[in-house]
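Participant: Sequence first, predicted model second:
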Amino acid sequence: MPNERFFRSDLRKLADRLDERGIVAREDLDPLIDKLTELHKRGLVKINHSAMEIVVAAHFISKGYEVDLEVPIDDLKCDLLCVKGSKVIVEVETGYVPPEHALDPDNFCRARIASKIARYSVHSDEFYLAAPPTYLMEIPTFVLLPPEERGSELIRWKTLLDVYYTSPPISLELLRRAKLDGILITSVDEGRVIELSPMTYLKLFRI
């Protein structure tokens, strides 16, 4: 299929660029590109999201992690699973809003970010969100607090989440246990990842 060829070709060009810049060897990314291409055939992944996954994968491979993409974890599928002793999960956010949420894009994105932190972070030793430099996510401030100090802030976020996630709902206990270890500012153009702490990223949001 022509669309499949373009998908694989684009990811290979990206891998070549990362190789040329000395970030990671092209052959280290080939198995991940093959896996994404197979998923693309089945309509399960899109090129913008996959390109970001490849850049983030290269970042962790360069740090000595074993990396897999689109990995089932319980009833979820995480974008990146990176293992080097500890287990790191990364979820990629592009800022896409589906047409059915054209009239509530802000709350939809707020809920999606909070839901990902709550649902995925409990399965990892470290949890990160990756986003392009052109998309500024609203991170719930309760992730900066110890679980026992989160209080009424959790109720406010659960009220929002209950509008969007009912099957199953996201429990207060998940929100209480949720953690966010960092934000990965991911530039596909430059093939570069910048790690920020949640506090530093929240300061950007307040500007």
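Facilitator: Thanks, I have it.

Participant: Show the residue spans covered by the strands in the chain.
Facilitator: Assigned by DSSP state E, the strands in the chain fall at 66-73, 76-84, 86-92, 126-131, 182-187, 192-196.

Participant: With distance to residue 149, mean pLDDT and mean neighbour count added, can I get the ones you listed in CSV?
Facilitator: (Each C-beta comes from the backbone N, C-alpha and C, glycine too.) Converted to CSV, the strands of the chain look like this (distance: least, Cβ to Cβ, whole Å; pLDDT from 0 to 100; neighbours: other Cβ atoms under 10 Å):
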stretch, distance to residue 149, mean pLDDT, mean neighbour count
strand 66-73, 28, 97, 16
strand 76-84, 27, 97, 19
strand 86-92, 24, 97, 21
strand 126-131, 19, 98, 22
strand 182-187, 20, 97, 20
strand 192-196, 23, 96, 15
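
Participant: which residues pair with the most centrally placed residue in the chain across the strands?
Facilitator: Residue closest to the average C-alpha location in the chain (Cα atoms, centre = their mean): residue 91, at 1.8 Å. Residues in a beta bridge with residue 91, per DSSP bridges, are residue 129.

Participant: Can you tell me how far it is from residue 26?
Facilitator: Counting by Cβ to Cβ, to the nearest Å, the separation of residue 91 from residue 26 is 25 Å.

Participant: Select, out of the strands of the chain, the one closest to residue 112.
Facilitator: Closest to residue 112 of the strands of the chain, according to Cβ to Cβ: strand 86-92, at 9.7 Å.

Participant: other SSEs contacting that closest one?
Facilitator: Contacts defined by 3 or more Cβ pairs under 8 Å, 6 or more residues apart in numbering; DSSP states H and E place strand 86-92 against helix 47-62, strand 76-84, helix 105-121, strand 126-131.
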